[in-house]
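Colleague: Structure here, sequence nowhere to be found:
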């Protein structure tokens, strides 16, 4: 399906579920962007979930944001159970504005929901020649090191910086071996997941996506990954006023209340300490790319390179939609 046509359909669905046109377009752009950069686990496969949570009054389609200005650089947003896309859009724009005025911007958000890909927001800051660091927590999926029960989310960590070229450096990763969205997509399509990414509820390794969802996901780098997950839970949950320590509700399965996810957006001018930052980052990347390569490796790539390539390729083509997603769209259009 053509991107323009798909955007019209998705925006219309969001508006039917109570979002304003402005908020519907913000949410639509974020969802479609995920498809275009090759991350369908954060794209249209989640549309029905957002709509279900709106219908059950767990997402507020017409939120009244409360923003507390703590200083010229720092703001705190109560998102009033907004859909995460809209809360994150306001937060990153505020963080960018603050950084442009004072050199650094920090915005904490509470009472929000899942906002899609962190890298989508980091890119907005990088385009303004800012460095961005973004943290958000998620529903229980990963067991703390030494524990049998999951408590931490996959808790994304995102870092973005200008590179002095048209391709930004965007590291957008979770602390789990693979993100939970990929496991959900695999479960829905009756596909296996790779070995070494999850345990079933009995603590045994599994490649069954459904068993993985009922069990625990494994963190990257063992106890180090567990420590990173804990750090993100503190920064995006404890610090912001959002849920933490396993209290973020699963958006697909837990309809007992709003998620109250917390986000933390930090932006600052890339040339804050070194006026020739762009030249220095160019030198950094060039030096690393010139290193001797392992056999079969054509190029040492930095985070963000392949994503931009996928985006440029996909924007020229129609977005492929599975039968299950088509069914979701048809059902939601009729509501």
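Modeller: Noted; the coordinates are in hand. From a predicted model like this one, the values you see are computed outputs, not experimental measurements. Numbers count the residues shown, from 1 in each chain.
Colleague: Grab the most central residue of this structure for me.
Modeller: Here the mean C-alpha position of the chain is nearest to the C-alpha of residue 117 (C-alpha atoms, centre = their mean), at a distance of 2.7 Å.
Colleague: I'd say that one and residue 30 touch.
Modeller: Yes. Between residue 117 and residue 30 a contact is recorded at 7.4 Å, counting by C-beta atoms under 8 Å. To be clear about C-beta, it is placed using only N, CA and C from the backbone, and glycine gets the same treatment.
Colleague: so where's the stretch 201-335 of the chain shaky on pLDDT?
Modeller: Applying pLDDT under 70 to the stretch 201-335 of the chain picks out no residues at all.
Colleague: Show me where it has its helices.
Modeller: Ranges of helices within the stretch 201-335 of the chain are 209-214, 223-233, 277-289, 305-314, 323-334, based on DSSP state H, counting those that start in this stretch.
Colleague: Give me the contacts around the second one.
Modeller: Pointing back at helix 223-233 there. Residues from elsewhere that reach helix 223-233 (C-beta atoms under 8 Å, 6 or more residues apart in numbering): 135-137, 142-146, 152-157, 175-176, 219-220, 244-245.
Colleague: again with the shortest one
Modeller: Judged by C-beta under 8 Å, 6+ apart, the contacts made with helix 209-214 from elsewhere in the structure are 180, 183-184, 186-187, 191-193, 197-201, 206.
Colleague: Quick one: mean pLDDT for the lengthiest helix in the chain?
Modeller: Criterion DSSP state H: the longest helix present in the chain is helix 84-102. Across helix 84-102, pLDDT averages out at 98.
Colleague: Equivalent analysis for stretch 181-198, please.
Modeller: Stretch 181-198 carries an average pLDDT of 91.
Colleague: again with stretch 114-129
Modeller: Averaging pLDDT along stretch 114-129 gives 98.
Colleague: can you map out the strands along the protein?
Modeller: Ranges of strands in the chain, per DSSP state E, are 66-69, 74-78, 104-112, 130-136, 157-161, 169-173, 198-199, 216-217, 261-269.
Colleague: can I get these in CSV with mean neighbour count and distance to residue 54?
Modeller: As requested, the strands of the chain are exported to CSV (neighbours: other C-beta atoms under 10 Å; distance: least, C-beta to C-beta, whole Å):
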stretch, mean neighbour count, distance to residue 54
strand 66-69, 12, 20
strand 74-78, 21, 19
strand 104-112, 25, 14
strand 130-136, 26, 20
strand 157-161, 23, 26
strand 169-173, 20, 26
strand 198-199, 23, 30
strand 216-217, 25, 27
strand 261-269, 26, 16
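Colleague: Distance to residue 210 for the ones you listed - can I get that in JSON lines?
Modeller: As requested, the strands of the chain are exported to JSON lines (distance: least, C-beta to C-beta, whole Å):
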{"stretch": "strand 66-69", "distance to residue 210": "40"}
{"stretch": "strand 74-78", "distance to residue 210": "36"}
{"stretch": "strand 104-112", "distance to residue 210": "28"}
{"stretch": "strand 130-136", "distance to residue 210": "26"}
{"stretch": "strand 157-161", "distance to residue 210": "27"}
{"stretch": "strand 169-173", "distance to residue 210": "25"}
{"stretch": "strand 198-199", "distance to residue 210": "11"}
{"stretch": "strand 216-217", "distance to residue 210": "13"}
{"stretch": "strand 261-269", "distance to residue 210": "25"}
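Colleague: For the spatially closest residue to residue 25 that is not a sequence neighbour, the count of nearby residues, please.
Modeller: What sits nearest to residue 25 in space, not counting adjacent residues and going by C-beta to C-beta, 6 or more residues apart in numbering, is residue 11, at 5.5 Å. By other C-beta atoms under 10 Å, 21 other residues sit near residue 11.
Colleague: Repeat that for the one 10 residues further on.
Modeller: The criterion is other C-beta under 10 Å. On that basis, residue 21 has 11 neighbouring residues.
Colleague: Not counting sequence-adjacent ones, nearest residue to it?
Modeller: residue 15 (6.1 Å).
Colleague: same check, this time on residue 187
Modeller: Here the residue nearest residue 187, using C-beta to C-beta, 6+ apart, is residue 209, at 3.8 Å.
Colleague: what's the spacing between that neighbour and residue 139?
Modeller: 16 Å (C-beta to C-beta, to the nearest Å).
Colleague: now do residue 131
Modeller: Separation of residue 131 from residue 139 (C-beta to C-beta): 29 Å.
Colleague: OK, contacts around the residue nearest to residue 179 when sequence neighbours are not counted?
Modeller: Excluding its sequence neighbours, the residue lying closest to residue 179 (C-beta to C-beta, 6+ apart) is residue 154, at 5.4 Å. Contact analysis of residue 154 by C-beta under 8 Å, 6+ apart lists 138, 141, 142, 174, 175, 176, 179, 180, 217, 229.
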